[in-house]
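Asks: output the structure for:
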Amino acid sequence: MISDKMAKHINAQINRELYSAYFYLGLSAQAEVGNLKGTASWFRSKHAEEMSHALKMYRYLLDQEARVRLTEVAAPPEDADNILAMFERTLRHEREVTAAIHDLVDLALSEKDHATNIFLQWFVIEQIEEEATVNDILGRLRLFGDTGEGLLMIDNELATAATKMAADSATSAA
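Replies: The predicted structure is shown next:
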C-alpha cells in the first residue's frame, strides 16, 4: 500500500493526464478546421496515449489499494494561431508534465516508496521521448516553414507517425 499523500499526488497526476488528453483533442479539432488532417490525426493519437497514461495510474492506485479520486478537468486553451504555435504550446505543456512526473518521483524517493518509484520510471522515460518528438517537429517546422509545401510535407509526416502510434498502441494492448 502507498501513503495517502502519495495517492493524493498520483490522483492529481491522473487529472493532469486527463487534461493532456483533452488538450490534444482540442488541438486535433483546431488542426481539422485548418484542413491539416495528418496533424489532426497525430494529435488524436496523442489524446489516446494520454488516456492510456491516466489509466495506468488509475490501475496502479487500485492495485495499491488506494482510492481513485477523479476531479474536474480544466478546459484546454483557446485556438492557436498556426501549427507552429500549436507545437510550441505542446512543448510547453509536455515540459510541465515532465516537471510534475519528476515531483512525483521526488516524493516517492522521500517516502522510500520503492514500488511507486519503479512504477514512475516508465513515465520519466516516456517524457524524454515526448519532449524529443515535439522538439523534432518544431525543428522541421522552423526549417521548412508552416505554410505551403513545407506544411504539406510535415502534415504528411505527422499522418504517418499517427498511423505508427496507433499500430504500436494496438500491439502493446494485445
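Asks: what's the helix or strand for the residue most central in space within the chain?
Replies: Central residue of the chain (C-alpha atoms, centre = their mean): Glu50, 4.7 Å from the mean position. Element membership of Glu50 [criterion: DSSP states H and E] is helix 37-63.
Asks: show me which positions of that helix end up buried.
Replies: Using 16 or more other C-beta atoms under 10 Å as the burial criterion, the residues of helix 37-63 that qualify are 38-47, 49-51, 53-54, 57-58, 60-61. Placement of C-beta: from N, CA and C, glycine included.
Asks: ok, stretch 156-170 next?
Replies: 157-159, 161-162, 165.
Asks: how far is it from where the chain is centred?
Replies: Its chain's C-alpha centre and that of stretch 156-170 lie 15 Å apart, by C-alpha atoms, centre = their mean, to the nearest Å.
Asks: try stretch 110-128
Replies: 17 Å.
Asks: before we move on, what about stretch 81-94?
Replies: With C-alpha atoms, centre = their mean as the basis, stretch 81-94 stands 13 Å off its chain's centre.
Asks: name the residues that touch it?
Replies: Applying C-beta atoms under 8 Å, 6 or more residues apart in numbering, the contact partners of stretch 81-94 are 20, 23, 27, 30-31, 34, 36, 39, 77, 80, 127, 130-131, 134-135, 137-138, 141-142, 146, 151, 154.
Asks: surely Glu131 and Ala99 touch.
Replies: No - counting by C-beta atoms under 8 Å, Glu131 does not reach Ala99; the two are 11.1 Å apart.
Asks: burial count for Ile128?
Replies: By other C-beta atoms under 10 Å, 10 other residues sit near Ile128.
Asks: one step back: just the contacts of stretch 81-94: which are in helices?
Replies: By the criterion of DSSP state H, membership of the contacts of stretch 81-94 in helices covers 20, 23, 27, 30-31, 39, 127, 130-131, 134-135, 137-138, 141-142, 151, 154.
Asks: what's the weakest-modelled helix or strand in this protein?
Replies: Ranking every helix and strand in the chain by mean pLDDT, DSSP states H and E puts helix 148-173 at the bottom, with a mean of 85.
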